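1. after the sequence you'll find the predicted model.
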Amino acid sequence: MKSLPLLMLICCFFVNSGIAQENYHVGDTLTVVSIDGLNIRRQPTLNSEIIGVLSYGDKVAVKAASNSDSLIIINALEGRWIEARTEIGDGYLLDAYLSTVPVINLENRGGSIFNELEAFVFANYEIVDTAHYNNGIDGESRHEMWIYDIQGGQYIRHFYWESYEYEIQFENTRTAEGVTFLAALLFKCGLLSEKIKEKLYKTRQYPPTYFRVSSADYDCYVSIRRFGERCIIKISD
C-alpha cells in the first residue's frame with residue numbers, strides 16, 4: 001500500500017475552470033445519465049413546471065441548444081438548458097445530466113471497479129491501436145503500462161511494484177460528462193455513498209478536494225481532471 005502523502009496526491013479530485021463548451025448539435029441524440037432521474041421542464045428555468053421525469057439511460061434528441069454562456073447549477077453540477085424531444089414530450093433539460101458517452105449498465109452491482117471499467121471500455125469502444133511499455137530491470141518491472149487507443153480517447157492500465165492504476169481519457173467531452181460517468185461507475189460497484197456523491201458533484205470547488213471510496217472488500221482512490229479537450233479519470237488501488 002502506498003504511503004498516505006503519495007496517495008493524497010494521486011487521489012486528488014481536480015477539475016480545472018476550463019469547462020468544455022457544448023459537444024453536441026441540434027438533431028444529436030444524448031443519453032440521460034442522472035442516476036436519480038432527470039426532470040423535463042416546460043420552460044428553461046428551475047421554477048418552471050415539471051412535465052415529466054426521464055430515467056437513467058433514456059434517449060433524447062436535441063431540438064434547440066442553449067444560446068447562453070450562463071451556467072445553471074443543479075445539485076452542484078453545472079450545465080446549460082437545452083430543448084429536447086423525449087418519449088414523454090418536448091421540454092427543457094439541463095445538459096449536465098445528458099451525455100455523449102455510452103452509459104454504464106447498472107445491473108449486477110457490486111463488482112470490482114477496475115474490472116467494471118475495463119469491461120465498459122471493451123464493450124463500448126473499438127480498439128484502434130495498442131502499445132505496451134515495460135521498464136523492467138533485471139527481469140523485474142518497476143512500471144508496466146498498456147495503452148489502448150479507442151475511438152474518442154484512450155484507456156490505460158499502469159502496474160507498479162506494489163500498486164496499479166486504471167485510466168480512461170474521453171476526448172471532446174464536457175466536465176459534467178466525466179463526473180456523471182464516474183458517479184455511475186461508483187454506483188455500479190456499490191461505492192457511491194451520499195457523502196461521496198455530494199463531494200463528487202462539487203466541480204466548482206478550489207483548491208482540489210481529496211477523497212477515497214471504500215467497500216467491504218477494498219479501498220480505491222479516484223481523480224478526475226481536464227487536460228485541454230480531454231476529461232481524464234484515474235482509479236488507483
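-> Nice, I can see it. Please read these numbers as outputs of a predicted model, since none were measured by experiment.
2. could you use CA atoms for every contact and neighbour count after this?
-> Fine.
3. the longest helix seen in the chain packs against which elements?
-> Looking across the chain with DSSP state H, the single longest helix is helix 175-188. Using 3 or more CA pairs under 8 Å, 6 or more residues apart in numbering; DSSP states H and E, the elements in contact with helix 175-188 are strand 77-79, helix 113-124, helix 194-201, strand 219-227, strand 230-236.
4. next, the buried residues of that helix.
-> 175-188 (16 or more other CA atoms under 10 Å).
5. ok, residues contacting it?
-> Outside helix 175-188, the residues that touch it by CA atoms under 8 Å, 6 or more residues apart in numbering are 15, 19-20, 33-35, 77-79, 96-101, 103-111, 113, 116-117, 170, 192, 197, 200-201, 224, 226, 231-233.
6. domain map for the chain?
-> 4-17+102-236, 29-99 (automatic domain parsing).
7. any chance of TSV for those, columns mean pLDDT?
-> Formatted as TSV, these follow (pLDDT from 0 to 100):
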stretch	mean pLDDT
domain 4-17+102-236	81
domain 29-99	90
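8. coming back round to it: now the longest helix of the chain, how far from the centre of its chain.
-> 4 Å (CA atoms, centre = their mean, to the nearest Å).
9. how about it as PDB, C-alpha atoms only?
-> Taking C-alpha atoms only, helix 175-188 is exported to PDB below (Å, rounded to 0.1, in the frame of the first residue of the first chain):
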ATOM      1  CA  THR A 175     -16.600  18.100 -17.500                       C
ATOM      2  CA  ALA A 176     -20.100  17.100 -16.300                       C
ATOM      3  CA  GLU A 177     -20.000  14.000 -18.600                       C
ATOM      4  CA  GLY A 178     -16.800  12.800 -16.800                       C
ATOM      5  CA  VAL A 179     -18.400  13.500 -13.400                       C
ATOM      6  CA  THR A 180     -21.600  11.700 -14.200                       C
ATOM      7  CA  PHE A 181     -19.700   8.800 -15.800                       C
ATOM      8  CA  LEU A 182     -17.600   8.400 -12.600                       C
ATOM      9  CA  ALA A 183     -20.700   8.600 -10.400                       C
ATOM     10  CA  ALA A 184     -22.400   5.800 -12.400                       C
ATOM     11  CA  LEU A 185     -19.300   3.700 -12.200                       C
ATOM     12  CA  LEU A 186     -19.100   4.100  -8.500                       C
ATOM     13  CA  PHE A 187     -22.800   3.400  -8.100                       C
ATOM     14  CA  LYS A 188     -22.400   0.200 -10.200                       C
END
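10. so which strand or helix has L93?
-> Following DSSP states H and E, one finds L93 within strand 91-94.
11. if we look at that strand, which residues are touching it?
-> Against strand 91-94 from outside (CA under 8 Å, 6+ apart): 38-44, 51, 72, 79-85.
12. hmm, 10 Å instead?
-> For strand 91-94, the external contacting residues (CA atoms under 10 Å, 6 or more residues apart in numbering) are 32, 38-46, 48, 50-52, 54, 60, 62-66, 71-74, 77-86.
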